[in-house]
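**Q** Have a look at this prediction, sequence included:
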Amino acid sequence: MKKVLSFLALSFAVLQLSAQTDSVSYTVPGRSNAEEQQKKPYVILISADGFRHDYAKKYHAEHLLELSSNGVQAKAMIPSFPSVTFPNHYTLVTGMYPSHHGLVGNSFFNAAQDDKYTMGNTLKVKDGNWYGGTPLWVLAEQQKMLAASLFWVGSEAAIKGVRPTYYYSYNDKISMPDRIEIVLNWLKLPEEKRPHLITFYLSEPDHAGHHSGPETPETAAAVQMVDSVVYQLTQAVKTTGLPVNFVFVSDHGMTQVDTANPIPSPKNIDPAKFKTTFSSTTLALYAKNKADIQPMYEELRKSAKDYKVYLKTAMPKHLHYGAEDDKMNRIGDIILIPEWPRVFGDKTPGMGHHGFDPRKVKDMQATFFAWGPAFREHLKIPKFENVNVYPLISNILGLNYTEEIDGNIEVLKGVLKKN
């Protein structure tokens, strides 16, 4: 326990070193809440990256457990495939599977434009052309309700020509007290300028889970840090007297893998014939000539060991990741998926990983807690898919959507108090 507490203290100290001036904030001028929107509820959507479905109980996140016990606790939330950060954060705010909204991985190719998206490329991340669907903040702004984002996938891009009224360039070094103050200041704005939707992203416990594994004091400390930050945020928000609803989610879980026996990338993939995107849990091949797909597939299947080889045209239906779902033609022609607990790697991999099929590897499953005036109290619900968060929040805020989505309000409608 002493090791956990000292790690937690160190984490806070490091975060405190960076001043708010290190970040860049933006305000889109000329916007105000329409009069009919000013009395609507408020929602703060919080994501703790990599916060596995069992972490709150496992690592005694007492504040989160108490807050959610007075609201709604899901047994787990099922991420979309692949269970990685960018696709699932964007699924949460669009209600669409990755194959439908277009972010099919943390990196992927757009064959039509002969271009590549990677989460580390700032120019691509801020380019709205990569993003399908209508994120919650775009939906809100389109209906004259102001939104704010203290980080979220897609929030820095003009999607359908729209950004949230208030947003920040991503900078994980902003201290936690500064982040809480930013949210508090938004909620203290006059009614016509006050955001009703706020997204709030935390990069832990994902970093700790990757580095040390999910079953370690370091990850326990990161969970405790998240728990403390959420509590401090709720206490600060309480001082405003506003009817704020909190939705706490994660994008995916985390699992311990076989670090001693990584699967080397296949040597028979010809770079003259295929482009590839590589991660520890997915290897995607994009053919330059479609005639090369079938021969390469058959060759890979013969040599495959500890991983599955799929044609895009024959992916498992439950993944929603096949040719029939690939609306933007961004999924690889051939997909290689390792069998848990093995991962791809040409060197020793990190201790913790995600990206596996969340229906087969339970450790991939995420967290969903919610509390506030819109939610029923002391309610526990079964697992559900993360595409259903979008219609839930839209319903709370009184926002209408006409675009076809994969989520359904009926799945989570029962968690809300009857009007």
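**A** Cool, the structure landed.
**Q** Every contact and neighbour count from this point should use C-alpha atoms.
**A** OK.
**Q** Was I right to think Met351 contacts Glu215?
**A** No: counting by C-alpha atoms under 8 Å, Met351 does not reach Glu215; the two are 9.8 Å apart.
**Q** can you list residues touching both of these two?
**A** Common neighbours of Met351 and Glu215 (criterion: C-alpha atoms under 8 Å, 6 or more residues apart in numbering): Gln256.
**Q** surely Asp115 meets Phe109?
**A** Yes: at 5.8 Å, Asp115 and Phe109 qualify as touching, with contact defined as C-alpha under 8 Å.
**Q** and those two? which has more neighbours close in?
**A** Phe109 (23 against 10; other C-alpha atoms under 10 Å).
**Q** Give me the secondary structure label for the closest residue to that one other than its chain neighbours.
**A** Closest residue to Phe109 apart from its sequence neighbours, by C-alpha to C-alpha, 6 or more residues apart in numbering: Lys116 at 4.4 Å. Counting by DSSP: H, G, I helix; E, B strand; the rest coil, the backbone at Lys116 sits in strand.
**Q** The nearest residue to Ile331 once chain neighbours are set aside: how many residues sit nearby?
**A** Excluding the flanking residues, the one nearest Ile331 by C-alpha to C-alpha, 6+ apart is Val104, at 6.5 Å. Residues contacting Val104 under the criterion other C-alpha under 10 Å number 27.
**Q** Which secondary structure element is home to Val104?
**A** If you go by DSSP states H and E, Val104 is not part of any helix or strand.
**Q** just the strands in the stretch 201-350 of the chain please.
**A** Under the criterion DSSP state E, counting those that start in this stretch, the stretch 201-350 of the chain contains strands at 244-249, 255-256, 274-278, 283-287, 307-311, 334-338.
**Q** Redo those strands as TSV? Include mean pLDDT and mean neighbour count.
**A** Listed next are these as TSV, based on pLDDT from 0 to 100; neighbours: other C-alpha atoms under 10 Å:
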stretch	mean pLDDT	mean neighbour count
strand 244-249	99	23
strand 255-256	98	22
strand 274-278	96	18
strand 283-287	98	23
strand 307-311	98	19
strand 334-338	98	23
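**Q** and stretch 92-106, how far out from the chain's middle?
**A** With C-alpha atoms, centre = their mean, to the nearest Å as the basis, stretch 92-106 stands 10 Å off its chain's centre.
**Q** Convert that stretch to PDB, retaining C-alpha atoms only.
**A** Output in PDB follows, covering the C-alpha atoms of stretch 92-106 (Å, rounded to 0.1, in the frame of the first residue of the first chain):
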ATOM      1  CA  LEU A  92     -18.900   6.600 -27.800                       C
ATOM      2  CA  VAL A  93     -19.700  10.000 -29.200                       C
ATOM      3  CA  THR A  94     -21.200   8.900 -32.600                       C
ATOM      4  CA  GLY A  95     -23.100   5.800 -31.700                       C
ATOM      5  CA  MET A  96     -21.500   4.000 -34.700                       C
ATOM      6  CA  TYR A  97     -19.200   1.000 -35.000                       C
ATOM      7  CA  PRO A  98     -15.700   2.000 -36.300                       C
ATOM      8  CA  SER A  99     -16.400   0.500 -39.700                       C
ATOM      9  CA  HIS A 100     -19.300   2.900 -40.000                       C
ATOM     10  CA  HIS A 101     -17.800   6.100 -38.600                       C
ATOM     11  CA  GLY A 102     -14.400   5.600 -40.400                       C
ATOM     12  CA  LEU A 103     -11.800   5.400 -37.600                       C
ATOM     13  CA  VAL A 104     -11.200   1.700 -38.100                       C
ATOM     14  CA  GLY A 105      -7.900   1.700 -36.000                       C
ATOM     15  CA  ASN A 106      -5.400   3.900 -34.300                       C
END
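**Q** which parts of that stretch are buried?
**A** Buried residues in stretch 92-106, counted by 16 or more other C-alpha atoms under 10 Å: 92-106.
**Q** Nearest to Asn386 among these?
**A** Leu92 (6.0 Å; C-alpha to C-alpha).
**Q** now the strands for the stretch 1-150 of the chain?
**A** Using DSSP E, counting those that start in this stretch, strands in the stretch 1-150 of the chain cover 25-27, 42-48, 72-74, 77-78, 107-110, 115-118, 147-150.
**Q** now these in JSON lines, with mean pLDDT?
**A** Formatted as JSON lines, those follow (pLDDT from 0 to 100):
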{"stretch": "strand 25-27", "mean pLDDT": "96"}
{"stretch": "strand 42-48", "mean pLDDT": "99"}
{"stretch": "strand 72-74", "mean pLDDT": "98"}
{"stretch": "strand 77-78", "mean pLDDT": "98"}
{"stretch": "strand 107-110", "mean pLDDT": "96"}
{"stretch": "strand 115-118", "mean pLDDT": "97"}
{"stretch": "strand 147-150", "mean pLDDT": "98"}
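**Q** I'd like those written out as CSV, with distance to Ser303 added.
**A** Shown next, in CSV, are the strands of the stretch 1-150 of the chain (distance: least, C-alpha to C-alpha, whole Å):
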stretch, distance to Ser303
strand 25-27, 51
strand 42-48, 39
strand 72-74, 41
strand 77-78, 32
strand 107-110, 25
strand 115-118, 28
strand 147-150, 46
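**Q** Can you check which of these gets nearest to Leu300?
**A** strand 107-110 (20.4 Å).
**Q** Which strands and helices lie in contact with the longest helix along the chain?
**A** When the chain is parsed with DSSP state H, its longest helix is helix 217-238. Counting contacts by 3 or more C-alpha pairs under 8 Å, 6 or more residues apart in numbering; DSSP states H and E, helix 217-238 packs against helix 2-16, helix 62-69, helix 176-187, helix 206-212.
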